[in-house]
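Novice: Using only what follows, build the 3D model:
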Amino acid sequence: MSKSAFLLTGDVGLNKTADFLRWRLIAPLQIAPSEWELRYMLERLSENKYFDRDVSGSIELSIVMPCLNEAETLATCIRKAQGYLNDYGVSGEVVIADNGSTDGSQTIAQQLGARVIDIREKGYGSALRGGILAARGRYVIMGDADDSYDFTQLTPFLKKLREGYDLVMGNRFKGGIQPGAMPPLHRYLGNPVLTTIGKVLFPSPCGDFHCGLRGFRTESIQGLNLRTTGMEFASEMVVKASLHRMRITEVPTTLSPDGRSRPPHLRSWRDGWRHLRFLLLYSPRWLFLYPGLLLMVIGLTTMLWLLPGARGIFDIHTLLYAAAAIIVGFQSVAFSIFTKVFAISEGLLPEDRRFSRALNHLSLELGLIVGAILLIAGFSGSIWALGNWSSKLFGALNPSQTMRIVIPSITSLALGCQLMFSSFFLSVLWMKRL
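Specialist: This next block holds a predicted model:
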């Protein structure tokens, strides 16, 4: 058991933490809770709120809504959700994850019988993480509290969850987007582009990465150790579920104009960039590896093509750029390896057996040997160039001939040093797994 788990057990008693340990610390993914989650639980324990969980499993569905000043539409959303639970005989609850509302949203929710969870850390993702953490149901369906999603039409989500799917995404483009419900910038550029990028970077069947109405198996999503605090939380859930090879599907859902008189919390360009940044950071292959390999291939091909002599207008100047492409490409490939090792070690990415097997063959000793060979080649080329200069009594040289020796030699020296230092750094990152 982790140190954090021991402290929780010792401070608040095993009975109160047993359910949490069951789905969070002894989960198949073996991911410890984050510092934020531990702090949040301790606060809730002191208020005797958090561990009021349904350990018997009688609650099937928790409908979780993030809320920040949604007094205009919150009551409508809660009544629709409660009406669905009553009309279809579903054992469930409505959870309002309030993120510091100042318009009386908390009172409205309490008067209607919804559970209100106070989330102090600001952000859409923070509110949802807290609401999901406090959910009692076997399944969770989350949706915005602005009345843009229809909480009376949740049966397709619940049906798929009962069939065994871990994540059921809504697809607004298949279900229908009413006029005025989504700005043209989001409908025709933001959502399609970001979803396409997400599907290219990650093996996901989702056609609408950013749909706010989605359902999931509570234990499955709680085991992903979701961390983002902003709007990119929507992407993080899909990305991590895909990386962990969970069962994912989607169902059509509708999007209506929201019922608020104020502007939405979403900021198009800022939050769009946060989504794109998250997608790139969680894909070291596309961010570092593939561009690095491409640069190395282009640089090496160009260098070999120009080494015999000038090719029309292409001469030693192009050769120098080719050398730079090789060096930068190698750095990018090294960054991809460092990033993935660190991300796996920190629980940001799941274990990759093929990657681990490959690293086991890339030992420190192998890196030092190859690096030393490159250094010897670079020094040999440099001595050769110096010898040629000496034969000319250290006078003027033909740059086109000399630089064809000097540039590859410097490239070899740079790569040798980088490879040796990278091997040491990789060994440090990989040390705790040895």
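
Novice: show me what contacts residue 375?
Specialist: By Cβ atoms under 8 Å, 6 or more residues apart in numbering, the residues touching residue 375 are 412-413, 416-417, 420. To be clear about C-beta, it is placed using only N, CA and C from the backbone, and glycine gets the same treatment.

Novice: can you do 7 Å?
Specialist: Applying Cβ atoms under 7 Å, 6 or more residues apart in numbering to residue 375 gives the contacts 413, 416.

Novice: hang on, residue 66 is in a helix, isn't it?
Specialist: No - applying DSSP: H, G, I helix; E, B strand; the rest coil, one finds residue 66 to be strand, outside a helix.

Novice: how deep is it tucked in, by neighbour count?
Specialist: Number of residues near residue 66 (other Cβ atoms under 10 Å) recorded here: 28.

Novice: One more: residue 102?
Specialist: 9.

Novice: same check, this time on residue 171
Specialist: For residue 171, the number of neighbouring residues by other Cβ under 10 Å comes to 17.

Novice: In this structure it contacts residue 250, no?
Specialist: Yes - at 4.7 Å, residue 171 and residue 250 qualify as touching, with contact defined as Cβ atoms under 7 Å.

Novice: Between those two, which contacts overlap?
Specialist: By Cβ under 7 Å, 6+ apart, the residues touching both residue 171 and residue 250 are residue 207.

Novice: Identify each of the strands in the stretch 151-300 of the chain and give its residue range.
Specialist: 167-171, 214-217, 248-252 (DSSP state E, counting those that start in this stretch).

Novice: would you list the ones you listed in JSON lines and tack on mean pLDDT?
Specialist: Converted to JSON lines, these look like this (pLDDT from 0 to 100):
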{"stretch": "strand 167-171", "mean pLDDT": "97"}
{"stretch": "strand 214-217", "mean pLDDT": "96"}
{"stretch": "strand 248-252", "mean pLDDT": "96"}
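
Novice: wait, which of those is closest to residue 141?
Specialist: The closest of those to residue 141 is strand 214-217. By Cβ to Cβ, the value is 4.1 Å.

Novice: and that closest one, what does it pack onto?
Specialist: With contacts defined as 3 or more Cβ pairs under 7 Å, 6 or more residues apart in numbering; DSSP states H and E, strand 214-217 has these neighbours: strand 139-142, helix 155-162, strand 167-171.

Novice: 8 Å instead, please
Specialist: strand 139-142, helix 155-162, strand 167-171, helix 233-243 (3 or more Cβ pairs under 8 Å, 6 or more residues apart in numbering; DSSP states H and E).

Novice: Point out the most buried one among these.
Specialist: strand 139-142 (a mean of 26; mean count of other Cβ atoms under 10 Å).

Novice: Can you say which of the helices and strands packed on strand 214-217 is nearest to residue 430?
Specialist: Minimum separation from residue 430 across those (Cβ to Cβ) falls at helix 233-243, 20.1 Å.

Novice: would you turn the helices and strands packed on strand 214-217 into CSV with distance to residue 314?
Specialist: Shown next, in CSV, are the helices and strands packed on strand 214-217 (distance: least, Cβ to Cβ, whole Å):
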stretch, distance to residue 314
strand 139-142, 57
helix 155-162, 58
strand 167-171, 50
helix 233-243, 42
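
Novice: burial of residue 184, as a residue count?
Specialist: Residue 184 has 8 neighbouring residues, counting by other Cβ under 10 Å.
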